[in-house]
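Participant: What follows is a predicted protein model with its sequence.
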Amino acid sequence: MKNRILVTGGTGYIGSHTVVELINAQYEVVIIDDLSNSYASVIDNILKITGKKPAFEQFNLCDKKLLDQFFKKYTDISAIIHFAASKSVNESVEKPLKYYRNNLMSCINLLDAMREYSVPYMVFSSSCTVYGQPEKLPVTEYAPLQTPSSPYGNTKQICEKIIQDVTISNEDISAISLRYFNPIGAHTSSLIGELSTGTPDNLVPYITQTGIGIREFLRVFGNDYDTPDGTCIRDFIHVIDIADVHIKAVERLLGNKNKAQYEFFNVGTGRGYSVMEVIKTFEKVSGKKLNYKILGRRPGDIEKIWADTSLANKELEWVATRDLDEMLLTAWNWEKHYRPVNI
Ligand code: WQD
């Protein structure tokens, strides 16, 4: 059996898909999650998919006492994949202190614990939002970081810098930040997927909820951008492709293959799709006409972004393989078959 990996936020959207891939790769997994934006039933579904039930501890990482107790109980953690964070762009604008307190303190407490309990490696869940609106596309890892358009994005940028500084001051700690573009889709089993509590901020869950009748119509936030069809462009990537790159990043660190104590990689497909292209593709794969209205721009949205993925392709020996059809079909299947309708 390989090493034990701690996955914080492991009952969340990307976290749960990553736990499945870790178990499939024969890793022992333990999850820390406070269930503030996910459900314990995700653990049962991970068991159904993999045949193995990961260990699970329910608490918030801001509680240093509970985190210390955790590391006294689990003394065989060889790497941490850190997903746990508040992640709504809109909510972060309304409640910035919640985001700075939760996202920064969680990360700082974890890094403290890594030093105290000799855990050498961290893979950090970052986001393309650190780039703001890039000047040049596709955006590379060395594009200048702009002030993100939300406190959420700012916490990602600040956490990357905190982690980098800790690796500089601790030669026995190494880390990799993965800058996701737009994660969408669900597991092929439809047993796990994106469980957004309340009204979804993001495009694809709103589309599937409109398709199934929970929402009356999709609001398209602006069609007057400088893009071929006037709607925004994003680099959508299947959540399982994202899960897979975490295994590659953990193995790079466990195998001491990293070329620096702190590395960071774009995690995208390298292909941008507009909001209208996503709508048309959803209609194609679902066979349903989508009800939508063109409204004004959403404050804080950038116009267009897609990734230069060559660094991750080469260094992590990883390429995203799933196309937009599969992303949207798995999202639609998840909506139809397994999302508890009362959420
Ligand atoms: C995509 C496009 C909207 C909803 C954010 C975070 C990013 C990551 C993914 C966490 C935009 C349009 C959306 C709707 C719409 N999150 N849209 N109608 O804002 O690119 O990225 O979520 O890591 O870090 O920044 O994703 O899905 O909200 O929006 O027209 O009901 O879809 O205007 O152009 P975004 P999104």
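Facilitator: Arrived safely, thanks for sending.
Participant: This protein: strands as residue ranges?
Facilitator: Assigned by DSSP state E, the chain shows strands spanning 4-8, 28-32, 55-57, 77-82, 121-127, 174-180, 182-184, 218-221, 233-234, 236-238, 262-267, 273-274, 292-295.
Participant: Columns mean neighbour count and mean pLDDT on top of these, output as JSON lines?
Facilitator: From N, CA and C alone the C-beta is placed, and that goes for glycine too. Compiled in JSON lines, the strands of the chain are given as follows (neighbours: other CB atoms under 10 Å; pLDDT from 0 to 100):
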{"stretch": "strand 4-8", "mean neighbour count": "25", "mean pLDDT": "98"}
{"stretch": "strand 28-32", "mean neighbour count": "23", "mean pLDDT": "98"}
{"stretch": "strand 55-57", "mean neighbour count": "17", "mean pLDDT": "98"}
{"stretch": "strand 77-82", "mean neighbour count": "23", "mean pLDDT": "98"}
{"stretch": "strand 121-127", "mean neighbour count": "25", "mean pLDDT": "97"}
{"stretch": "strand 174-180", "mean neighbour count": "24", "mean pLDDT": "98"}
{"stretch": "strand 182-184", "mean neighbour count": "24", "mean pLDDT": "98"}
{"stretch": "strand 218-221", "mean neighbour count": "18", "mean pLDDT": "98"}
{"stretch": "strand 233-234", "mean neighbour count": "23", "mean pLDDT": "98"}
{"stretch": "strand 236-238", "mean neighbour count": "26", "mean pLDDT": "98"}
{"stretch": "strand 262-267", "mean neighbour count": "23", "mean pLDDT": "98"}
{"stretch": "strand 273-274", "mean neighbour count": "20", "mean pLDDT": "98"}
{"stretch": "strand 292-295", "mean neighbour count": "13", "mean pLDDT": "98"}
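Participant: Let's have these in TSV, adding distance to Asp165.
Facilitator: Below are the strands of the chain laid out as TSV (distance: least, CB to CB, whole Å):
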stretch	distance to Asp165
strand 4-8	20
strand 28-32	23
strand 55-57	28
strand 77-82	16
strand 121-127	13
strand 174-180	11
strand 182-184	27
strand 218-221	36
strand 233-234	31
strand 236-238	29
strand 262-267	9
strand 273-274	36
strand 292-295	42
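Participant: could you dump the lowest-mean-pLDDT helix or strand in the chain to PDB, C-alpha only?
Facilitator: Of all helical and strand segments in the chain, the minimum by mean pLDDT, DSSP states H and E falls on helix 89-94, at a mean of 89. The C-alpha coordinates for helix 89-94 follow below in PDB (Å, rounded to 0.1, in the frame of the first residue of the first chain):
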ATOM      1  CA  VAL A  89     -16.700  34.500  -5.900                       C
ATOM      2  CA  ASN A  90     -19.900  36.400  -5.300                       C
ATOM      3  CA  GLU A  91     -20.100  35.600  -1.600                       C
ATOM      4  CA  SER A  92     -16.500  36.700  -1.100                       C
ATOM      5  CA  VAL A  93     -17.400  40.100  -2.300                       C
ATOM      6  CA  GLU A  94     -20.300  40.300   0.200                       C
END
